[in-house]
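Student: What follows is a predicted structure for the sequence shown.
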Amino acid sequence: MNAANAMPPLLELRGISKRFSSRLDFAARLAARLGAGGRAQTVHAVDGVDLSISSGEVVGLAGESGCGKSTLGRIVARVLEPTEGERRWKGRAYAEYDAPASRSERLAVQMVFQDPFASLNPRMRIVDLIGEAPVVHGLVSPGERDDYVAEIMQRVGLDATLARRFPHQFSGGQRSRIGIARALAVKPRFLVCDEAVAALDVSIQAQVLNLFIRLREEFGLTYLFISHDLGVVRHLSDRVVIMYLGRVVESAGADEVFVRPNHPYTQALLAEIPRLEATKRTYIPIRGEIPSPLDPPRGCHFHPRCPHSTPRCQAEAPRLREIAPGHLSACHLNDSP
Ligand code: SF4
């Protein structure tokens with residue numbers, strides 16, 4: 001094994017699951033006491049996900065709305081805690097970085113949110129929005145803040161003379177850049193980008209995607225790029241991971257997934273691309289009843305919609321296995337007879 005292979009992945013997820021339980025309202029609690037049902041419902045948002053991402057890699061995480069990709073991104077970025085499983089950074093558990101001395105490692109994973117307008121405090125000026133965290137975390141002194149913010153604004157293509165304006169005085173594309181600048185301000189190594197260009201017009205999308213590509217080179221960044229738009233994912237990613245109802249069903253290099261999709265769900269998703277591009281890149285779910293994450297099927301989650309489903313698919317969950325070098329798929333069709 002050479003030195004490069006001996007390096008642990010930059011980020012590793014092992015058996016990550018996340019379940020959400022609904023709170024019972026008064027009527028439901030009363031019904032439960034009287035023995036008339038009223039049980040809390042549990043959503044299985046993420047179900048046993050393993051994922052490794054190497055330094056400098058861009059991994060696109062794709063799937064239908066509600067498949068758990070945003071929840072997984074929030075777990076990576078520490079916005080949510082997993083119900084089960086382990087997160088590792090540079091080969092060590094996240095918890096090992098909780099000490100104050102490990103602050104820079106804790107800041108190394110940052111998130112760029114889906115709706116920059118909702119994530120920016122409308123009462124704060126841009127200089128404060130971008131400059132607050134680096135000052136609080138001691139990365140720059142209060143006296144250096146304005147110059148530091150001006151430099152970051154320029155790096156993301158914003159005019160630094162606008163630093164004293166408020167978020168509503170910027171266009172959608174500029175607010176996206178402000179969200180990226182905020183994340184970059186704490187010197188991260190890893191960005192979780194959750195539908196970061198979904199709200200933008202196509203021409204502005206292209207500009208922001210090119211900005212992500214440039215920043216990756218300039219700052220040596222690693223990305224987990226979450227998107228329902230397979231065109232965006234293909235444009236940016238080295239590797240593509242497809243999720244369905246909380247599980248990873250396929251993972252491979254970007255070209256491999258688009259040229260030789262293995263999993264029936266991936267094939268169904270790709271079959272929708274011409275329709276997506278012909279319209280205004282608005283997502284149209286693939287046909288058929290989508291099982292609820294409240295009560296996912298027992299075996300393969302895709303079996304109610306899969307044209308190749310067999311009785312085994314209903315009883316037994318397929319394991320993610322390597323079907324070609326670097327190409328993983330979770331489907332019983334890949335099992336040798
Ligand atoms: Fe279809 Fe069965 Fe494969 Fe699931 S395991 S994708 S139901 S063939």
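Tutor: Perfect, thanks for sending it.

Student: Assign residue 333 to helix, strand or coil.
Tutor: The three-state label given to residue 333 by DSSP: H, G, I helix; E, B strand; the rest coil is helix.

Student: could you point out which element follows the lowest-mean-pLDDT helix or strand in the chain?
Tutor: Lowest mean confidence among the helices and strands of the chain (mean pLDDT, DSSP states H and E): helix 273-278, at a mean of 48. Sequence-wise, the next helix or strand downstream of helix 273-278 (DSSP states H and E) is helix 311-315.

Student: mind checking how far that next one is from the chain centre?
Tutor: Centroid separation for helix 311-315 versus its chain: 30 Å, with CA atoms, centre = their mean, to the nearest Å.

Student: Can you pull out the low-pLDDT segments for this structure?
Tutor: 1-6, 22-24, 32, 36-40, 116-117, 273-295, 337 (pLDDT under 70).

Student: Residues of this structure that sit close to the ligand?
Tutor: 263-264, 300, 302-303, 306, 308-309, 313, 318, 331-333 (CB under 6 Å from any ligand atom). Quick note: C-beta positions are derived from backbone N, CA and C, even for glycine.

Student: out of those, which are buried?
Tutor: For those, a burial check counting by 16 or more other CB atoms under 10 Å picks out 263-264, 300, 302-303, 306, 309, 313, 318, 331-332.

Student: how near is the closest residue to the ligand within the stretch 151-300 of the chain to residue 223?
Tutor: Here the stretch 151-300 of the chain gets closest to the ligand at one residue, residue 300, 3.1 Å apart by CB to the nearest ligand atom. From residue 300 over to residue 223 the distance is 29 Å, taken as CB to CB, to the nearest Å.

Student: Can you list the residue ranges for helices in this protein?
Tutor: Taking DSSP state H, the helices of the chain run over residues 3-6, 26-33, 69-76, 103-106, 116-119, 126-136, 145-155, 172-184, 202-219, 230-236, 254-259, 264-271, 273-278, 311-315.

Student: Tell me which of the ones you listed is the most buried.
Tutor: Of all the helices of the chain, helix 69-76 has the most neighbours on average by mean count of other CB atoms under 10 Å, namely a mean of 25.

Student: on contacts alone, who are the packing partners of that helix?
Tutor: Judged by 3 or more CB pairs under 8 Å, 6 or more residues apart in numbering; DSSP states H and E, helix 69-76 is in contact with strand 11-21, strand 42-53, strand 58-62, strand 109-112, strand 190-194, strand 222-226.

Student: got the CA coordinates for the shortest one in CSV?
Tutor: Which is strand 109-112. Provided in CSV are the C-alpha atoms of strand 109-112 (Å, rounded to 0.1, in the frame of the first residue of the first chain):
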residue,chain,number,x,y,z
VAL,A,109,-16.8,21.9,7.5
GLN,A,110,-19.1,24.7,6.6
MET,A,111,-22.5,24.8,4.9
VAL,A,112,-23.8,26.9,2.0
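
Student: What helices and strands are in contact with that strand?
Tutor: helix 69-76, helix 172-184, strand 190-194.

Student: quick one, which of those is nearest to residue 102?
Tutor: strand 190-194 (14.9 Å; CB to CB).

Student: Tabulate the CA atom coordinates of that closest one in PDB.
Tutor: The C-alpha trace of strand 190-194 is given here as PDB (Å, rounded to 0.1, in the frame of the first residue of the first chain):
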ATOM      1  CA  PHE A 190     -15.000  21.200   3.200                       C
ATOM      2  CA  LEU A 191     -18.200  22.800   2.000                       C
ATOM      3  CA  VAL A 192     -21.600  21.200   2.100                       C
ATOM      4  CA  CYS A 193     -23.600  22.900  -0.600                       C
ATOM      5  CA  ASP A 194     -27.300  22.200  -0.200                       C
END
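
Student: Next, the angle helix 202-219 makes with that strand.
Tutor: If you take axes from the mean of the first three to the mean of the last three CA atoms, to 10 degrees, strand 190-194 sits at 170 degrees to helix 202-219.

Student: Not counting strand 190-194 itself, show me its contacts.
Tutor: Contact with strand 190-194 is made by 10-11, 53, 70, 73-74, 76-77, 108-114, 183, 212, 221-226, as judged by CB atoms under 8 Å, 6 or more residues apart in numbering.

Student: Please apply the same query to stretch 16-36.
Tutor: If you take CB under 8 Å, 6+ apart as the criterion, stretch 16-36 is touched by 37-51, 68, 71-72, 75, 80, 82-87, 246.

Student: can you give me the offset of that stretch from its chain's centre?
Tutor: With CA atoms, centre = their mean as the basis, stretch 16-36 stands 29 Å off its chain's centre.

Student: cool, and stretch 90-105?
Tutor: Worked out by CA atoms, centre = their mean, stretch 90-105 lies 21 Å from the chain centre.

Student: how long is it from one end to the other?
Tutor: 10 Å (CA to CA, to the nearest Å).

Student: in that stretch, what's buried?
Tutor: 90, 94, 97, 105.

Student: from what I can see residue 266 touches residue 252, true?
Tutor: No. Between residue 266 and residue 252 there is no contact under CB atoms under 8 Å: 9.1 Å.

Student: thinking again about what came up before, just send the helices and strands packed on helix 69-76 back as JSON lines, with mean neighbour count and distance to residue 149 too.
Tutor: Listed next are the helices and strands packed on helix 69-76 as JSON lines, based on neighbours: other CB atoms under 10 Å; distance: least, CB to CB, whole Å:
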{"stretch": "strand 11-21", "mean neighbour count": "18", "distance to residue 149": "28"}
{"stretch": "strand 42-53", "mean neighbour count": "20", "distance to residue 149": "29"}
{"stretch": "strand 58-62", "mean neighbour count": "25", "distance to residue 149": "27"}
{"stretch": "strand 109-112", "mean neighbour count": "24", "distance to residue 149": "16"}
{"stretch": "strand 190-194", "mean neighbour count": "24", "distance to residue 149": "19"}
{"stretch": "strand 222-226", "mean neighbour count": "26", "distance to residue 149": "23"}
